[in-house]
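Colleague: for reference, the sequence and a predicted model appear below.
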Amino acid sequence: MRTPTNTEPPTVRGPGDAAGGGSGVPGDARSWAWVDQLRVWRRAATTEPGRLRVIGALLVVLVVAFGAVTAWQISERATAADDVIHHSEPLSARAADIYRSLADAGATASGGFLAGGVEPAAVSDRYDKDIDVASRSITQAAASSEGSPGSRDRLERLNQRLSEYTGLIERARSNNRQGFPVGGAYLRRANDLMNEQILPDAKDLWTIETARLGRDYDDAQALPWGAWALGGVALVALVWAQRRSFKRTHRVFNIGLLAGTAATVAVLLWLVAGHGVARARLDDSYAHGARSLQVLNEARIESLQARSNENLTLVARGSGDAYNTAYLRQIQDMAGTKADGKSGLLARALRLADDAESRESITVAMKDAKAWWSLNLQARAKDDAGSYLDAVAQTIGGSYENGERAEEYTGVCFDGVDSSLAKAVAHEQQEFEQAAADGRGALNGLGVGAALLAVLGAAGAVLGIGRRLSEYR
């Protein structure tokens with residue numbers, strides 16, 4: 001009996017071998033099916049109908065993507081423009097109102113103190129109005145600060161310190177009415193609190209809100225590069241598809257592709273024109289509105305602080321050199337060296353003004369500032385010569401020591417500067433609102449219109465390619 005020479009064990013089939021072939025791995029059948037399908041697709045793509053289907057799909061994707069990106073980018077810019085008009089600029093203006101009202105309250109309180117005894121009713125009413133405006137503006141700003149930590153912190157401090165300031169002023173008034181010298185000490189403490197803590201916080205708040213306004217302007221004016229790029233690519237692809245169709249069929253026009261091209265061109269032109277107009281008007285609203293308002297508000301605040309320090313120079317009775325130095329710095333920051341109107345904030349505001357009404361108001365403010373400078377020098381000379389009452393009359397009005405009534409005094413000039421700047425601010429605010437609204441209006445309907453035209457363009461491309469495919473059936 002022969003022994004078998006083949007010692008290899010018999011093959012044992014696994015449970016999956018009956019279902020599949022090849023290596024006995026169940027997934028192989030599916031892998032080969034995918035490979036076969038890819039080969040079918042590749043062979044189909046080498047035929048003219050297959051190539052047309054690929055071209056049609058790419059055209060639809062490009063045109064729809066162009067419309068979607070255009071709608072998205074225009075929506076973002078429209079939202080930013082809305083923020084400029086309804087949020088950041090009003091918040092910046094409110095912060096400026098807080099700053100201005102507080103500075104005016106300080107100037108009014110110090111001027112009333114110079115009058116001696118019971119301050120005039122007009123002075124008291126003006127001070128009360130300033131405090132009321134500042135309090136209400138702080139409350140309104142806190143309600144619409146949109147969660148900005150920097151703004152919230154400063155608004156909380158302003159609210160707390162304003163109560164402390166008004167308390168010090170009331171003590172100063174009470175002692176001044178009774179003729180107690182300690183009233184001057186309370187006034188100086190109140191002024192130090194105002195200048196060293198309250199006004200810096202108010203200015204920081206204004207700076208924060210103004211920076212937010214600048215960011216919203218940047219977002220609203222940002223160029224829609226993504227939409228432009230996709231629009232250009234889609235347009236080139238559509239023109240290429242028509243040229244390819246013409247070379248193969250010798251037909252000049254493919255109605256569907258022509259309609260898709262026309263829709264894409266319409267969106268591109270609308271995008272360029274609409275965004276261009278919006279950008280130009282928003283830029284105008286910033287340069288001759290928002291920016292001009294910032295400079296005018298800053299000039300107005302400098303004049304108010306200069307007035308406060310001018311009054312405190314006299315309240316200090318011989319020890320007010322620091323207040324006088326601050327006055328000189330502030331009036332020159334506002335009106336230029338020796339108030340000559342050739343530099344400073346008023347000169348900048350005049351350069352930004354783009355119409356006769358605004359320029360006229362600023363020019364009048366410059367003339368009053370120069371007269372203020374000259375009369376203050378006279379008041380300082382009288383005070384240095386020991387004629388304190390004459391210096392007071394030269395500053396707030398009233399009678400000189402010889403009984404003659406002061407016809408010209410710095411208070412009139414200050415009021416002239418303040419009223420002219422208030423008029424310029426109101427005019428520039430109106431200019432801003434009109435230009436910004438025009439800029440926002442140029443974007444109306446662009447996003448929705450772009451999306452609809454893109455859908456029509458994609459449909460035209462599908463119909464144009466479908467017309468070519470029908471020739472192969």
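Modeller: Yep, that arrived. All values reported here derive from a predicted model rather than from experimental measurement.

Colleague: what about the helices in the stretch 151-300 of the chain?
Modeller: Using DSSP state H, counting those that start in this stretch, the helices assigned to the stretch 151-300 of the chain run over residues 182-193, 199-221, 225-249, 255-285, 291-315.

Colleague: the fourth one versus helix 291-315: what angle between them?
Modeller: Translated: helix 255-285. Between the axes of helix 255-285 and helix 291-315, defined by axes from the mean of the first three to the mean of the last three CA atoms, to 10 degrees, the angle is 20 degrees.

Colleague: what angle do helix 255-285 and helix 225-249 make?
Modeller: 160 degrees.

Colleague: now the helices of the stretch 151-300 of the chain as CSV including mean neighbour count?
Modeller: The way it works is simple: take the backbone N, C-alpha and C, and place the C-beta from them, glycine included. What follows is the helices of the stretch 151-300 of the chain, written out as CSV (neighbours: other CB atoms under 10 Å):
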stretch, mean neighbour count
helix 182-193, 19
helix 199-221, 20
helix 225-249, 17
helix 255-285, 20
helix 291-315, 26
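
Colleague: out of these, nearest to Thr325?
Modeller: When those are compared for distance to Thr325 using CB to CB, the nearest one is helix 291-315, at 8.4 Å.

Colleague: what does the helix or strand following the closest one contact?
Modeller: Using DSSP states H and E, the next helix or strand after helix 291-315 towards the C-terminus is helix 321-335. Outside of helix 321-335, the residues within contact range by CB atoms under 8 Å, 6 or more residues apart in numbering are 299, 302-303, 305-306, 309-310, 312-313, 316, 338-339, 341, 344-346, 366, 369-370, 372-373, 376, 380, 417.

Colleague: and if you look at stretch 344-355?
Modeller: When contacts are taken as CB under 8 Å, 6+ apart, the neighbours of stretch 344-355 outside the stretch itself are 287-288, 291-292, 295-296, 298-299, 302, 332-337, 341, 359, 362-363, 365-366, 369, 424, 427-428, 431.

Colleague: what's the answer for stretch 264-272, then?
Modeller: Contacts of stretch 264-272 (CB under 8 Å, 6+ apart): 63, 66-67, 70, 74, 224, 227-228, 231-232, 234-235, 238, 446, 449-450, 453-454, 457.

Colleague: could I have the CA atoms of that stretch written out in PDB?
Modeller: Output for stretch 264-272, consisting of C-alpha atoms alone and laid out as PDB, is shown next (Å, rounded to 0.1, in the frame of the first residue of the first chain):
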ATOM      1  CA  THR A 264     -24.300  86.400 -14.300                       C
ATOM      2  CA  VAL A 265     -23.300  89.600 -15.900                       C
ATOM      3  CA  ALA A 266     -26.300  91.400 -14.400                       C
ATOM      4  CA  VAL A 267     -25.400  90.200 -10.900                       C
ATOM      5  CA  LEU A 268     -21.800  91.300 -11.400                       C
ATOM      6  CA  LEU A 269     -22.700  94.700 -12.600                       C
ATOM      7  CA  TRP A 270     -25.300  95.200  -9.900                       C
ATOM      8  CA  LEU A 271     -22.800  94.000  -7.300                       C
ATOM      9  CA  VAL A 272     -20.100  96.400  -8.600                       C
END
